[in-house]
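Participant: Quick one, structure for this:
(chains A and B)
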Amino acid sequence: MKLKIGIYWGAACGGCDVAILDTHEKLLEIADMADIYLWPVAMDFKYSDVRAMKDGFLDVALFSGGVRNSENEEIAELLRRKAKVMVALGACAQLGGVPGLANMYTREEVLRRVYLESESTVNAEGVLPLESSKADGHELDLPHLYNTVKTLDQVVDVDYTIPGCPPASLQIYSALGLVADDMLPKKGSVIGAGDRALCDECPRKKGEKTITKIYRTHEKLPDADTCFLEQGFICLGPATRSGCGSRCIKSWTPCRGCYGPLDDIADQGIKMLGALASVMEPKEEKDINAMLDTVVDPLRTFHRFSLASSILRRRKA
Amino acid sequence: MKRIAIDPITRLEGHGKITIFLNDEGAVENAYLQIPELRGFEKFVEGLPIEEVPRVVTRICGV
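Facilitator: The predicted structure follows:
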């Protein structure tokens, strides 16, 4: 029997959806394996179609994007009821992702910058989005924008996670195969990824690491085959799950951690800070701190994709 | 007065809904397009080291 699948996005960019399409001819196999009942980027189903489904009607819901507003949360809860298996697809659903960086600010600061202060905004009357408004006598409403970006598992029970920003296309295909073949591992598992650190699959040569200076990527040209971290470039490989195929590394770009932490690591950024401190030449706390102070933008370097899921979660309001 | 909601609008990147109000004759009196989505890139790229910007703003739209 064919699987019934729903695909949805919260605070997302559509990159996870494109990663599904990027399975190329394997998309035809997915179409043989599954019927799709919701997929806003590609198909015309409406929320009313989902609300009309019996609970548990869908075999799988793939939810990408973080939970940024009340609509994202409402649809997450709806799909949780309608799907037997709820999958967090991609870094935003798993960790908050890049949009989770908004947790550095308050809701009001974000609204002010976007609608009032940005250089390209013309809004002389200072109009902000309203959750309910009247236009020509008609009632209109918008979702409530939350102060804090949340991960999917902070609002609903999540069965499995496919990590990545975006997830590697063939990893999505293989994860769907686990559902079709009834081979899913225990609930809560990360699927469609490795179970070791990215360093284990990274093609660059690793030797003894003793960093004497931290470099930004424009400050010197990295050599072609040595570990970025050994050369003083911050690379989140030691704190990041493998499975992406080292896409950034092969493009001469150090890892920023989109595949998230390994199992049992509560906070990817703090794990990376520990890994970095352990390979720095200074061994005294004062000297270690002095060297860490040379990292220009530590929060967005170490928690680029994971701020909303970290123990920091957000800036104190 | 009849109200027709197209929610969500589909086959594009992003979130949107259209609400159409019909008068008693069944003709369109008003139609509204709303974007129920905001992430706030304008704010959280402030102060980001310039060499890191390409790998952040590429997440505005992945389509």
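
Participant: can you pull the contacts of residue 15?
Facilitator: No chain specified, so I'll use chain A. A:90, A:165-166, B:59, B:62-63 (C-beta atoms under 8 Å, 6 or more residues apart in numbering or on different chains). Heads up, the C-betas are built off the backbone N, CA and C, glycines and all.

Participant: that's the other chain; I wanted chain B
Facilitator: Contacts of residue B:15 (C-beta under 8 Å, 6+ apart): A:9, A:40, A:71, B:8, B:35-37.

Participant: picking up where we left off before, any idea which of the contacts of residue A:15 is closest to residue A:152?
Facilitator: Lowest distance from residue A:152 to the contacts of residue A:15 (C-beta to C-beta) belongs to residue A:90, with 9.8 Å.

Participant: Hmm, residue A:165 and the closest one touching each other?
Facilitator: Yes - using C-beta atoms under 8 Å, residue A:90 is in contact with residue A:165, at 6.1 Å.

Participant: what is in contact with the two at once?
Facilitator: The contact lists of residue A:90 and residue A:165 share A:15, A:97, where a contact means C-beta under 8 Å, 6+ apart.

Participant: May I see the contacts of residue B:15 organised as CSV, with distance to residue A:116 and secondary structure added?
Facilitator: Below are the contacts of residue B:15 laid out as CSV (distance: C-beta to C-beta, whole Å; DSSP: H, G, I helix; E, B strand; the rest coil):
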residue, distance to residue A:116, secondary structure
A:9, 27, strand
A:40, 30, coil
A:71, 23, helix
B:8, 27, coil
B:35, 17, coil
B:36, 20, coil
B:37, 18, coil
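
Participant: Mind checking which residue lies nearest the centre of chain B?
Facilitator: Geometric centre of chain B, nearest residue: residue B:35, 3.2 Å, by C-alpha atoms, centre = their mean.

Participant: For that one, give its distance to chain A.
Facilitator: 8 Å (C-beta to the nearest C-beta, to the nearest Å).

Participant: Walking through chain B, point out its strands one by one.
Facilitator: For chain B, strands defined by DSSP state E occupy the ranges B:2-6, B:17-22, B:28-34.

Participant: ok so, going back, of the contacts of residue A:15, which count as buried by neighbour count?
Facilitator: Among those, those classed as buried by 16 or more other C-beta atoms under 10 Å in any protein chain shown are A:90, A:165-166, B:59, B:62.

Participant: Hmm, which of those residues is lowest in pLDDT?
Facilitator: Note: of the buried ones among the contacts of residue A:15, the lowest pLDDT belongs to residue B:62, at 94.

Participant: That residue: what's it in contact with?
Facilitator: Counting by C-beta under 8 Å, 6+ apart, residue B:62 makes contact with A:12-18, A:166, B:13.

Participant: how near is residue A:311 to chain B?
Facilitator: For residue A:311 relative to chain B (C-beta to the nearest C-beta), the value is 19 Å.

Participant: swap in residue A:119?
Facilitator: To chain B, residue A:119 is 9 Å away according to C-beta to the nearest C-beta.

Participant: Quickly find the element holding that residue.
Facilitator: When elements are assigned from DSSP states H and E, residue A:119 belongs to no helix and no strand.

Participant: number of nearby residues for it?
Facilitator: Residue A:119: 5 surrounding residues under other C-beta atoms under 10 Å in any protein chain shown.

Participant: Could I get the pLDDT score of it?
Facilitator: 94.

Participant: The residue of chain B found nearest chain A and residue A:35, how far apart?
Facilitator: Closest contact between chain B and chain A, by C-beta to the nearest C-beta, is at residue B:62 (2.4 Å). Using C-beta to C-beta, to the nearest Å, we find residue B:62 at a distance of 25 Å from residue A:35.

Participant: likewise residue A:187?
Facilitator: 24 Å.

Participant: picking that back up, which among the contacts of residue A:15 gets closest to residue A:288?
Facilitator: residue A:165 (29.8 Å).

Participant: Surely the closest one touches residue A:100?
Facilitator: No - using C-beta under 8 Å, residue A:165 makes no contact with residue A:100, being 11.1 Å away.

Participant: Please report phi then psi for the most centrally placed residue in chain A.
Facilitator: Ranked by distance to the mean C-alpha position of chain A (C-alpha atoms, centre = their mean), the top residue is residue A:91 at 1.6 Å. Residue A:91 adopts backbone torsions of phi -60, psi -40, taken as degrees, to the nearest 10.

Participant: Compare the contacts of residue B:62 and tell me which is most surrounded.
Facilitator: residue A:12 (33 neighbours).

Participant: excluding its backbone neighbours, what's nearest that residue?
Facilitator: Spatial nearest neighbour of residue A:12, excluding adjacent residues (C-beta to C-beta, 6 or more residues apart in numbering or on different chains): residue A:65 at 2.9 Å.

Participant: residues in contact with the one you found?
Facilitator: Neighbours of residue A:65 in contact, by C-beta under 8 Å, 6+ apart: A:8-12, A:16, A:72, A:90, A:92-93, A:97, A:99.

Participant: just residue A:107 next, same as before
Facilitator: Residues in contact with residue A:107, defined by C-beta under 8 Å, 6+ apart, are A:145-147.

Participant: Can you select the buried ones among those residues for me in ChimeraX?
Facilitator: Only the buried entries of the contacts of residue A:107 go into this ChimeraX selection, using 16+ other C-beta under 10 Å:
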select /A:145,146
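
Participant: Please render the contacts of residue A:107 as CSV that adds distance to residue A:270 and secondary structure to the earlier fields.
Facilitator: Formatted as CSV, those follow (distance: C-beta to C-beta, whole Å; three-state DSSP):
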residue, distance to residue A:270, secondary structure
A:145, 28, strand
A:146, 24, strand
A:147, 23, strand
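
Participant: Done for today, thanks.
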